[in-house]
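K.L.:
Give me a model of this one.
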Amino acid sequence: MSSEGRLVLVGGTEAADGGLRARAGQAIARATQHLAAAQHPHGYWHAPLEANVTMEAEYVFFNRMLGRERADVDRRMAERLLALQQADGSWPQYPGGPGNLSTTIEAYFAAKLAGHKLTDPADAAPVAGSVAFAAAPGVSLKAWVAAGTPGAKLPADVAAIVKAAKTGKIGDGKVFVAPVEEAVRIRTEESGDKAV
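P.N.:
Here you go, the predicted model:
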């Protein structure tokens, strides 16, 4: 673009570019009109922003880490997770996108924490579908759950994860416990137990 807002193509002539200059100019004009029409009278743009299912999944994880079991919220979160699941059992990173392994693992684990079990026929198809996606040929599946928890609370946290995820079947997963040497809250720069 030139300083006057005109499209400038380097080299060649309009006749030689096959009409590219004219098509590009029309596209820029349409885009400019669309943005101007969508602009709020005060000069800003406002539009909905939709996140993928990891936000719902992380909310379920967060509640578990705080020791909060909220059956009504868990049910709604699980319904939302399953509503966004794709036909192949996966969850995408963005609407209409291909299945994403990391997003699928988070959503699968959150659905299990929220009460969906492979042993319940009503829950088996969606949860089994995500396992089938994650275990597809060529996919290497490793998941870690990391949390900084004061030592006295650690056994209760591990027990809560095991209780929520256990079905007694192959594929329930594992909990890896490793010491957290340090934690820092970025906003306040607090460290140690104050940051947790």
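
K.L.:
drop to CA atoms for contacts and neighbour counts, all remaining ones
P.N.:
OK.

K.L.:
I'd like to know which helix or strand in this protein has the lowest mean pLDDT.
P.N.:
helix 121-134 (a mean of 55; mean pLDDT, DSSP states H and E).

K.L.:
In CSV, could you pull the C-alpha coordinates for the longest helix along the chain?
P.N.:
Using DSSP state H to define each element, the chain has its longest helix at helix 20-38. The C-alpha trace of helix 20-38 is given here as CSV (Å, rounded to 0.1, in the frame of the first residue of the first chain):
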residue,chain,number,x,y,z
LEU,A,20,-4.7,-8.8,-10.2
ARG,A,21,-4.4,-5.1,-9.4
ALA,A,22,-8.1,-4.4,-10.1
ARG,A,23,-9.3,-7.5,-8.1
ALA,A,24,-7.0,-6.7,-5.2
GLY,A,25,-8.3,-3.1,-5.2
GLN,A,26,-11.9,-4.3,-5.2
ALA,A,27,-11.2,-6.8,-2.3
ILE,A,28,-9.5,-4.0,-0.3
ALA,A,29,-12.5,-1.7,-0.9
ARG,A,30,-15.0,-4.4,0.2
ALA,A,31,-12.9,-5.2,3.3
THR,A,32,-12.7,-1.5,4.2
GLN,A,33,-16.5,-1.1,3.8
HIS,A,34,-17.2,-4.1,5.9
LEU,A,35,-14.9,-2.9,8.7
ALA,A,36,-16.4,0.6,8.6
ALA,A,37,-19.9,-0.8,8.8
ALA,A,38,-19.0,-3.0,11.8
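
K.L.:
Beyond that helix, next helix or strand please.
P.N.:
Next along the chain after helix 20-38, taking DSSP states H and E as the criterion, comes helix 54-65.

K.L.:
counting contacts, what elements does the next helix or strand after that following helix pack onto?
P.N.:
Using DSSP H and E, the helix or strand that follows helix 54-65 in sequence is helix 71-83. On a contact count with 3 or more C-alpha pairs under 8 Å, 6 or more residues apart in numbering; DSSP states H and E, helix 71-83 meets helix 54-65, helix 101-113.

K.L.:
Quick one: work out the angle between helix 71-83 and helix 101-113.
P.N.:
On the basis of axes from the mean of the first three to the mean of the last three C-alpha atoms, to 10 degrees, helix 71-83 is oriented at 140 degrees to helix 101-113.
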